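**Student:** Structure for the following, please:
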Amino acid sequence: MKQLPWTLCALALALVAWLAIAVVNVENQRNALVSKACVDPAFKNEVDAKCLASVQSREHWWQHLTYAMTHFRN
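**Tutor:** Numbers count the residues shown, from 1 in each chain. So this is what the prediction gives:
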């Protein structure tokens with residue numbers, strides 16, 4: 001019976017980690033779009049999808065997470 005709370009705790013921590021990774025990835029791409037880091041050289045109004053998938057718009061992942069958690073809109 002003592003295994004159930006620990007299992008639920010581990011699942012909750014895994015869910016929080018998964019959501020944090022997703023937020024970091026989305027914030028990285030959002031920041032790259034805002035700063036126009038991935039403008040397609042051939043079409044000026046388009047976005048380069050390969051660049052957007054691999055860009056690092058800030059130095060560390062925790063900067064993305066901190067920004068995303070402190071700046072939200074209603």
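**Student:** Could you pull out the buried residues of the lengthiest helix in the chain?
**Tutor:** For the chain, the longest helix by residue count, based on DSSP state H, is helix 3-34. Under the neighbour-count criterion of 16 or more other Cβ atoms under 10 Å, helix 3-34 has 20, 23, 24, 27, 28, 29, 31, 32 buried. From N, CA and C alone the C-beta is placed, and that goes for glycine too.
**Student:** Check those against residue 56 and report the nearest one.
**Tutor:** Distance to residue 56, by Cβ to Cβ, is smallest for residue 28 among these, at 6.9 Å.
**Student:** And that closest one, how close does it get to residue 50?
**Tutor:** Taking Cβ to Cβ, to the nearest Å as the measure, residue 28 falls 15 Å from residue 50.
**Student:** do residue 69 as well
**Tutor:** Counting by Cβ to Cβ, the gap from residue 69 to residue 50 is 28 Å.
**Student:** now swap in residue 71 and tell me
**Tutor:** Distance from residue 71 to residue 50, by Cβ to Cβ: 27 Å.
**Student:** just to revisit the earlier point, what mean pLDDT does the longest helix of the chain get?
**Tutor:** For helix 3-34, mean pLDDT rounds to 96.
**Student:** same check, this time on stretch 65-74
**Tutor:** What stretch 65-74 shows for mean pLDDT is 86.
**Student:** swap in stretch 46-62?
**Tutor:** Mean predicted lDDT for stretch 46-62 stands at 92.
**Student:** just the CA coordinates of that stretch, formatted as CSV?
**Tutor:** The C-alpha trace of stretch 46-62 is given here as CSV (Å, rounded to 0.1, in the frame of the first residue of the first chain):
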residue,chain,number,x,y,z
GLU,A,46,8.6,33.5,-44.3
VAL,A,47,10.3,31.5,-41.6
ASP,A,48,13.0,28.9,-42.1
ALA,A,49,11.6,25.8,-40.5
LYS,A,50,15.0,24.0,-40.2
CYS,A,51,16.5,27.1,-38.4
LEU,A,52,13.5,27.3,-36.1
ALA,A,53,13.9,23.6,-35.1
SER,A,54,17.5,24.0,-34.2
VAL,A,55,17.9,27.6,-33.0
GLN,A,56,19.1,28.5,-29.5
SER,A,57,17.7,32.0,-28.9
ARG,A,58,19.0,32.3,-25.3
GLU,A,59,22.1,30.8,-23.6
HIS,A,60,20.5,28.5,-21.1
TRP,A,61,17.3,26.5,-20.9
TRP,A,62,16.4,27.9,-17.5
